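Undergrad: I would like the atomic coordinates for the input below:
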Amino acid sequence: MVRSEDWKQLTSRLHLDLASPAFSHLGNRQTFFDEALLVLKPERETELITKWKIPFDQFLDFAVRHELGHAFCQEADEVKAERYGERLRKSGPISCEAKKQHNLLAEVP
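TA: Predicted coordinates for the structure are as follows:
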């Protein structure tokens with residue numbers, strides 16, 4: 001969890017989308033979340049809603065699923081990670097298109 005006050009500086013330094021509420025470093029197996037997902041930050045909430053067009057009460061779930069899409073399949077591609085996240089939302093098992101050795105959900109019945 002990264003303090004919202006530090007989020008834009010961190011994402012800017014890493015050349016990431018400033019409006020993103022989360023990101024993962026696959027090589028280090030780390031995921032980072034903007035604290036605004038859990039702590040009321042009205043200005044940041046407005047920025048996120050404006051950029052992503054998602055009701056804020058669904059944002060934490062959206063961000064976690066998306067980052068799990070990256071993590072489970074060791075997938076750097078944003079579109080594919082979102083697809084995997086959507087499959088998780090529908091409570092279905094996901095199958096990674098590549099790198100199946102990293103598919104942690106493939107073994108879940």
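Undergrad: Quick one: the strands in this protein, in order.
TA: Using DSSP state E, the strands found in the chain span residues 22-25, 30-33.
Undergrad: same for the first one, what does it pack against?
TA: The one in question is strand 22-25. Packing contacts for strand 22-25, counted by 3 or more C-beta pairs under 8 Å, 6 or more residues apart in numbering; DSSP states H and E, involve strand 30-33, helix 59-73. Glycine gets a C-beta too; all of them are placed from N, C-alpha and C.
Undergrad: which residues are contacting that strand?
TA: 11, 14, 16, 30-34, 37, 63-64, 66-67, 70-71 (C-beta atoms under 8 Å, 6 or more residues apart in numbering).
Undergrad: got a winner among the residues you listed for most neighbours?
TA: Highest neighbour count within the contacts of strand 22-25: residue 34, with 27 neighbours (other C-beta atoms under 10 Å).
Undergrad: Could you list which residues are in contact with that residue?
TA: So, once contact is read as C-beta under 8 Å, 6+ apart, residue 34 ends up touching 2, 4, 7, 21, 22, 44.
Undergrad: go again using 6 Å as the cut-off
TA: In this structure, residue 34 makes contact with 4, 7, 21, judged by C-beta atoms under 6 Å, 6 or more residues apart in numbering.
Undergrad: Just the ones in helices from those residues, please.
TA: 4, 7 (DSSP state H).
Undergrad: ok, so of the contacts of residue 34, who is nearest residue 75?
TA: Within these, proximity to residue 75 (C-beta to C-beta) peaks at residue 21, which comes in at 18.3 Å.
Undergrad: is it true that that closest one touches residue 63?
TA: Yes - the pair formed by residue 21 and residue 63 meets the contact definition of C-beta atoms under 6 Å, at 4.9 Å.
Undergrad: still on that earlier bit, are any of the contacts of residue 34 buried, and if so which?
TA: The neighbour count (16 or more other C-beta atoms under 10 Å) marks 4, 7, 21 as buried among the contacts of residue 34.
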